[in-house]
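Trainee: Next come a sequence and a model predicted from it.
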Amino acid sequence: MFKIIKTIAMAAGLISVFSLQSTAYAKTAVAYFSAAVNVIDPSYGVDGTTGSSMLLPGDVGIVAENIASRVQADKIAIKVVDLYEKNYDAVVNRGGIEKRDQTHVALADAYDLGGYDVIYLGYPNWWSDVPRAIVTFIEQNKVQLEGKTIVPFVSHGGGGEALTTNTIKKLLPSTTHVLEPYVVYYKNVNDIQELEQWLDQVKVQLQSSNN
Ligand SMILES: Cc1cc2nc3c(=O)[nH]c(=O)nc-3n(C[C@H](O)[C@H](O)[C@H](O)COP(=O)(O)O)c2cc1C
C-alpha cells in the first residue's frame, strides 16, 4: 500500500515539475523575418545559383534556430503575403522602395503573441532599418506586446544595427521592455560562442527583471 502511495506521489511530483518547466518554456517565442523564407520559388533552399542570402534558412533564420533551441522557445517565421522574387538585387530594390514609400507590407498571419512574456525578435538590416514586414508585425501586435520583453537580434552586411533598434523602440508601446540586441555580421551567423555569451547576458537581465 505504502509503495502505491509513494509511486502516486512521485508521479504527481514529476508531473508538477514537468508542467512548471513547460509553462516556463511556453512563454518564450523567437519571431523572425528573413528574406529566405519570403521569396517565390518552390525549390528554394536547393538552388545555389541565385545568391546565398536567398537560401533557407537565411542568415536571420540560422540565428533564430540557434536561439530557439537554446532557450526552448517556439519559433515563428514572419511571412509576407506578397513574396519577393528569388533574386538578391530584386529584393534589395524592392526593400528600398518599400522603405522610401513607407509601404504597409501585409503579413500572411496574425501571429498571436498573447501567451508569451519574452519575444526574441530577429530581422536583417534593410537599408539601415528594419524590413517593413517588421513594422507591420509590431503594429499588428501592439496591444499584446504591452508589458512584454523584446530581445532583438539583427544580421547585417557591414552596416551593423543602424536604425533598427531605435525603430522598433519607437513602434513598441512604452511599457515594452527592449533589451540590448545581438548584432551579427552575416558571415558570422554560425558563431555560436558569441551568441551564447549574449544569451547569458540576456538570461541575467531577464532574471533580474523578474525579481
Ligand atoms: C533589401 C536589402 C537591404 C539591405 N540593406 C543593408 C544595409 O543597409 N546595410 C547592411 O549592412 N546590410 C544590408 N543588407 C544585407 C542584409 O542585412 C544581410 O545580408 C542579412 O544578413 C540578410 O539576412 P537574411 O538572409 O536573413 O535575409 C540588405 C539586404 C537586403 C536584401
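Mentor: Perfect, thanks for sending it.
Trainee: what about the protein, any weak spots by pLDDT?
Mentor: Low-confidence segments of the chain (pLDDT under 70): 1-26, 42-53, 211.
Trainee: which parts of it sit against the ligand?
Mentor: 34-36, 53, 58-61, 91-92, 95, 124-128, 155-159, 186 (Cβ under 6 Å from any ligand atom). Quick note: C-beta positions are derived from backbone N, CA and C, even for glycine.
Trainee: how close does residue 143 sit to the ligand?
Mentor: 28 Å (Cβ to the nearest ligand atom, to the nearest Å).
Trainee: Counting neighbours, what do you get for that residue?
Mentor: Close neighbours of residue 143, defined as other Cβ atoms under 10 Å, add up to 9.
Trainee: Then residue 94?
Mentor: Residue 94: 18 neighbours (other Cβ under 10 Å).
Trainee: which residues does it contact?
Mentor: Residues near residue 94 by Cβ atoms under 8 Å, 6 or more residues apart in numbering: 84, 85.
Trainee: again, only using 6 Å
Mentor: Residue 94 sits next to no residue when contact means Cβ atoms under 6 Å, 6 or more residues apart in numbering.
Trainee: Likewise for the one 5 residues further on?
Mentor: Taking Cβ under 6 Å, 6+ apart as the criterion, residue 99 is in contact with residue 127.
Trainee: Over to it: give its phi and psi.
Mentor: Backbone torsions for residue 99, taken as degrees, to the nearest 10, come to phi -70, psi -50.
Trainee: Check which residues of the helix or strand harbouring residue 206 are buried.
Mentor: Element membership of residue 206, judged by DSSP states H and E, is helix 192-210. For helix 192-210, burial by neighbour count (16 or more other Cβ atoms under 10 Å) applies to 195, 198, 199, 202, 206.
Trainee: same check, this time on stretch 174-193
Mentor: For stretch 174-193, a neighbour-count test (16+ other Cβ under 10 Å) marks 176, 178, 179, 181, 182, 183, 184, 186, 189 as buried.
Trainee: Pull the residues that contact it.
Mentor: 59, 62-63, 145-155, 157, 160-161, 165, 169, 198, 205.
Trainee: Spell out the residue ranges of the helices in the chain.
Mentor: 2-26, 59-71, 88-101, 132-140, 164-171, 192-210 (DSSP state H).
Trainee: who wins for proximity to residue 78 among those helices?
Mentor: Evaluated with Cβ to Cβ, those place helix 132-140 nearest to residue 78, the distance being 5.4 Å.
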